[in-house]
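Enquirer: compute the structure for the input listed below.
(2 chains)
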Protein chains: 2
Amino acid sequence: MLPRSVSILGVGLLGGSIGLALRASGTDCLITGYGHRRPTLDAALSVGAIDRVADSPARAVEGADLVVLCTPVGLMGSMLERIAPALSPDAVVTDVGSTKASICRAAGRLMSDPGRFVGSHPMAGSEKRGIEFARADLFAGAVCILTPLAWTAPAAVRTVEGFWNALGMRCVRATPAVHDRLLADISHLPHVLAAALVHMQSEAGLDLAGKGFLDSTRIAGGDGALWRDILMDNRANLRRSLGRLRTALARFESLLDRPAALAAWLNRAAARRSAVLARKLREVTPD
Amino acid sequence: MLPRSVSILGVGLLGGSIGLALRASGTDCLITGYGHRRPTLDAALSVGAIDRVADSPARAVEGADLVVLCTPVGLMGSMLERIAPALSPDAVVTDVGSTKASICRAAGRLMSDPGRFVGSHPMAGSEKRGIEFARADLFAGAVCILTPLAWTAPAAVRTVEGFWNALGMRCVRATPAVHDRLLADISHLPHVLAAALVHMQSEAGLDLAGKGFLDSTRIAGGDGALWRDILMDNRANLRRSLGRLRTALARFESLLDRPAALAAWLNRAAARRSAVLARKLREVTPD
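Expert: This next block holds a predicted model:
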């Protein structure tokens, strides 16, 4: 059953898309929005992503069954601190942050009942930022990673899972620590690499950039402040990921004098990527 | 003026697309194809990429005004060696290899008149391979890098430039050495990085791969043997590019404790990439 009253804290690309997707799902729940910039709230109201605005985080969560934190990762903790005293006893809280260990720790510290917090990472987004890019179908067909802990209330997990399902997402579960380790490899490191790859180019090199280079570096187009938060929050894992990448690159260099082994190394990478792509396509169009 | 007789040695994705594009340009020149696999030649004939097949490289270039080497980089030298004695005195020779220093050196060594060789690198392609993916518009709007040397005949450069122009390409010039250095940065290193990024992932990480990861690693889907040739041929430059990437990554790591500088580093990369993208779009749709 979907919550009757949902609060969205931060109505940018993700928060706004949640509101639009929730409305598109056919529920008549009340959607309250909070954001620190009034024009953003007005835009969210006018596109129908939220039904009403609140003038403070605490006000926004009054009476809410489900609260979704959609602020940048660096502000999640302070937002949770501001709303914790105002939460209804039965309210469930989740978030959309790209890192999970720190927000789950913050929930344990700040909420009177940490069992009612369920970390979420909807794996959908864009290098664009802001309510003007919000879309009702942003989450359709994508995966959401939930990070419940041993003390998380099963009912709270069901509420959050049902919520993402209603928005078209498939949920999987991981511990916050495992989530952050895997995401460092599969998402945060690729972002850093894309930026480093742009930085190391000469202007003359960039003049020759083709579709391959632009695709490889597309994710470097994201907002610097948002990504700064994510990368710093997950820096311990990211340092380990960088170390493993360095090992892979050293392996490559050692193959530059061994033609057959080099071709095999390249072909194994191509095959592994193809397998991922094939799996994705099967998920999108199941039998 | 387009040549009246063109020989294409190697009729895969690039060679086949050259034939199709040449035919689509409206010229009635005779297109002769050579390849070491008969089914490939038959396919090239049946889609109209070539008019006739030759049963040896030497036969293929007899009477040709322009010869285009379209074999993998690792075979360019031996192909040139086989055709050199059979070339007409006025024949111009070019190639489509992704590296330029080694083939230009080979031309100097093997051709009786090295001034009639003009290295080319049409910056178009696909991670796909083979005549079945050949397309008449593969080159339309893309850049071709020509690498004439001091002793190259100006008339030969004009012939090759006119040829690529007829196929819809814009030509720029660079020395073979500069070409190989820039391409190591903008194309060969990104390919290696994409493969390394796939190799370092755990299976659990790959299960969470999203569009960002798939885009970043798309170029790793290319054929291992073709890329082995390119990477080995350009390994001295590639090692230098890897060194510069390591410097950029070390710079990133040093910023993990400096939030403002890290956000600025990320934003500069995003802005630099956007500028490249904007320039590309202007080139495709000039005023």
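Enquirer: switch to C-alpha atoms for all contacts and neighbour counts from now on
Expert: Fine.
Enquirer: show the average pLDDT along the helix or strand residue A:118 falls within.
Expert: Per DSSP states H and E: residue A:118 is located in strand A:117-122. For strand A:117-122, the mean per-residue pLDDT is 98.
Enquirer: mind checking how far whichever residue of the stretch 1-150 of chain A sits closest to chain B is from residue A:170?
Expert: Closest contact between the stretch 1-150 of chain A and chain B, by Cα to the nearest Cα, is at residue A:123 (7.1 Å). Distance, residue A:123 to residue A:170, by Cα to Cα, to the nearest Å: 10 Å.
Enquirer: what do you get for residue A:270?
Expert: Distance, residue A:270 to residue A:170, by Cα to Cα: 27 Å.
Enquirer: more neighbours, the two?
Expert: residue A:270 (24 against 20; other Cα atoms under 10 Å in any protein chain shown).
Enquirer: joint contacts of residue A:123 and residue A:170?
Expert: A:142-144 (Cα atoms under 8 Å, 6 or more residues apart in numbering or on different chains).
Enquirer: tell me which of the residues you listed fall in strands.
Expert: A:143-144 (DSSP state E).
Enquirer: same list, the shared contacts of residue A:123 and residue A:170, but only the ones touching chain B.
Expert: Filtering these for proximity to chain B by Cα under 8 Å from any Cα of the partner chain leaves residue A:143.
Enquirer: which residues in the stretch 101-250 of chain A form helices?
Expert: Counting by DSSP state H, counting those that start in this stretch, one finds helices in the stretch 101-250 of chain A at the ranges A:101-110, A:154-166, A:176-183, A:189-199, A:203-206, A:211-216, A:224-233, A:235-254.
Enquirer: just name the most buried of those helices.
Expert: Compared across the helices of the stretch 101-250 of chain A, helix A:189-199 shows the largest average neighbour count, a mean of 25 (mean count of other Cα atoms under 10 Å in any protein chain shown).
Enquirer: okay if I get the helices of the stretch 101-250 of chain A as CSV plus distance to chain B?
Expert: What follows is those, written out as CSV (distance: least, Cα to the nearest Cα, whole Å):
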stretch, distance to chain B
helix A:101-110, 16
helix A:154-166, 17
helix A:176-183, 5
helix A:189-199, 5
helix A:203-206, 5
helix A:211-216, 4
helix A:224-233, 5
helix A:235-254, 5
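Enquirer: dump stretch A:96-114 to PDB, restricted to CA.
Expert: Taking C-alpha atoms only, stretch A:96-114 is exported to PDB below (Å, rounded to 0.1, in the frame of the first residue of the first chain):
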ATOM      1  CA  VAL A  96      18.200   8.800  -2.700                       C
ATOM      2  CA  GLY A  97      21.900   9.400  -2.000                       C
ATOM      3  CA  SER A  98      24.700   7.700  -4.100                       C
ATOM      4  CA  THR A  99      26.500   6.700  -0.900                       C
ATOM      5  CA  LYS A 100      24.900   4.800   1.900                       C
ATOM      6  CA  ALA A 101      27.200   4.200   4.900                       C
ATOM      7  CA  SER A 102      27.300   7.700   6.100                       C
ATOM      8  CA  ILE A 103      23.600   8.400   5.900                       C
ATOM      9  CA  CYS A 104      22.800   5.100   7.600                       C
ATOM     10  CA  ARG A 105      25.200   6.000  10.400                       C
ATOM     11  CA  ALA A 106      23.600   9.400  10.700                       C
ATOM     12  CA  ALA A 107      20.100   7.800  10.900                       C
ATOM     13  CA  GLY A 108      21.300   5.600  13.700                       C
ATOM     14  CA  ARG A 109      22.600   8.600  15.600                       C
ATOM     15  CA  LEU A 110      19.800  11.100  14.900                       C
ATOM     16  CA  MET A 111      16.500   9.200  14.700                       C
ATOM     17  CA  SER A 112      14.700   8.200  17.800                       C
ATOM     18  CA  ASP A 113      13.800   5.000  16.000                       C
ATOM     19  CA  PRO A 114      16.600   4.200  13.600                       C
END
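Enquirer: next, count neighbours for residue A:39.
Expert: By other Cα under 10 Å, neighbour count at residue A:39 equals 11.
Enquirer: which residues are contacting whichever strand or helix holds it?
Expert: Element membership for residue A:39, per DSSP H and E: helix A:38-47. Identification of contacts with helix A:38-47 by Cα under 8 Å, 6+ apart yields A:11-12, A:16, A:33-35, A:50-53, A:131-132.
Enquirer: is residue A:28 in contact with residue A:6, as I believe?
Expert: No. Using Cα atoms under 8 Å, residue A:28 makes no contact with residue A:6, being 10.6 Å away.
Enquirer: with neighbour numbers in mind, choose between the two.
Expert: Set residue A:28 next to residue A:6 and count neighbours by other Cα under 10 Å: residue A:6 wins out with 26 against 13.
Enquirer: tell me what the strand or helix carrying the more buried one is packed against?
Expert: Here residue A:6, judged by DSSP H and E, is contained in strand A:5-9. Packing contacts for strand A:5-9, counted by 3 or more Cα pairs under 8 Å, 6 or more residues apart in numbering or on different chains; DSSP states H and E, involve helix A:13-24, strand A:30-34, helix A:57-61, strand A:66-69.
Enquirer: using CSV, lay out the ones you listed together with distance to residue B:82, mean pLDDT and mean neighbour count.
Expert: CSV is the format used below for the helices and strands packed on strand A:5-9 (distance: least, Cα to Cα, whole Å; pLDDT from 0 to 100; neighbours: other Cα atoms under 10 Å in any protein chain shown):
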stretch, distance to residue B:82, mean pLDDT, mean neighbour count
helix A:13-24, 60, 96, 25
strand A:30-34, 73, 98, 25
helix A:57-61, 77, 97, 23
strand A:66-69, 68, 98, 26
